[in-house]
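*Asks:* sequence-free structure coming up:
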């Protein structure tokens, strides 16, 4: 795809990272599910573009698409790491250090704070236990999402304030999906299986598109 699009062979690091993400997040007894998810993920970087920038986080789109296309053949990482607290502590510590050094800690912190506040609101409306409502964020899928997906430097918007606003919007969309699921409203399986991934797949590219258009308008005005 890189050769056909740019006339040169791209460095394989990006595709390698995408493949690792797919391998961690996807759970399926079929090998084709992993191959299809990786292919779709990488293809988005060359197909869904605006002004030579891709709009979706590749693995976010790929996993979400797989859950929509083949919900009976694939799922996402949930409780495979068990409920031992120490692996979770290590992941949160390492993840926090990584996003801090990358200058993206405010995105992760905003999403987590919004998630907790919205969980309180949701539990008060639905009557569910608050602890049960916040429990998903301690799972491996949410941990990977908080530190390595919502903070993707290639697809986040520019500007600290805008990044905070987008993180809040993703948390709101995710809370609405979980609320609808708790109410028993009919939703595609992908929404119930991976609410944060679907929320980011909806909010992320729309925000990035608006951001790129704003940059274009600003550049046009300057010239």
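*Replies:* Cool, got the structure. What you see is a predicted model; the values in this text were computed from it and never measured.

*Asks:* can you pull the pLDDT of the nearest residue to residue 61 once chain neighbours are set aside?
*Replies:* Distances taken as Cβ to Cβ, 6 or more residues apart in numbering place residue 44 nearest to residue 61, at 4.8 Å, with adjacent residues excluded. No exception for glycine: its C-beta is placed from N, CA and C like everyone else's. Predicted confidence (pLDDT) for residue 44: 88.

*Asks:* one more: the one 5 residues further on?
*Replies:* At residue 49 the predicted local distance difference test score is 81.

*Asks:* mind checking the backbone torsions on it?
*Replies:* Dihedral pair for residue 49: phi -130, psi 160, per degrees, to the nearest 10.

*Asks:* which ones are touching the closest residue to it other than its chain neighbours?
*Replies:* Nearest non-adjacent residue to residue 49, counting by Cβ to Cβ, 6+ apart: residue 55, 7.1 Å away. By Cβ atoms under 8 Å, 6 or more residues apart in numbering, the contact set of residue 55 is 48-49, 155, 204-205, 208-209.

*Asks:* switch the cut-off to 6 Å
*Replies:* Contacts for residue 55 were tallied using Cβ atoms under 6 Å, 6 or more residues apart in numbering; they are 48, 205, 208-209.

*Asks:* just residue 1 next, same as before
*Replies:* Residue 1 makes contacts with residue 46, as judged by Cβ under 6 Å, 6+ apart.

*Asks:* on that earlier part again, show me how to select, in ChimeraX, the buried members of the contacts of residue 55.
*Replies:* Selecting only the buried entries of the contacts of residue 55 in ChimeraX, with 16 or more other Cβ atoms under 10 Å as the criterion:
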select :205,208
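
*Asks:* can you tell me which of the contacts of residue 55 is nearest residue 96?
*Replies:* residue 208 (24.4 Å; Cβ to Cβ).

*Asks:* good, we can wrap up now.
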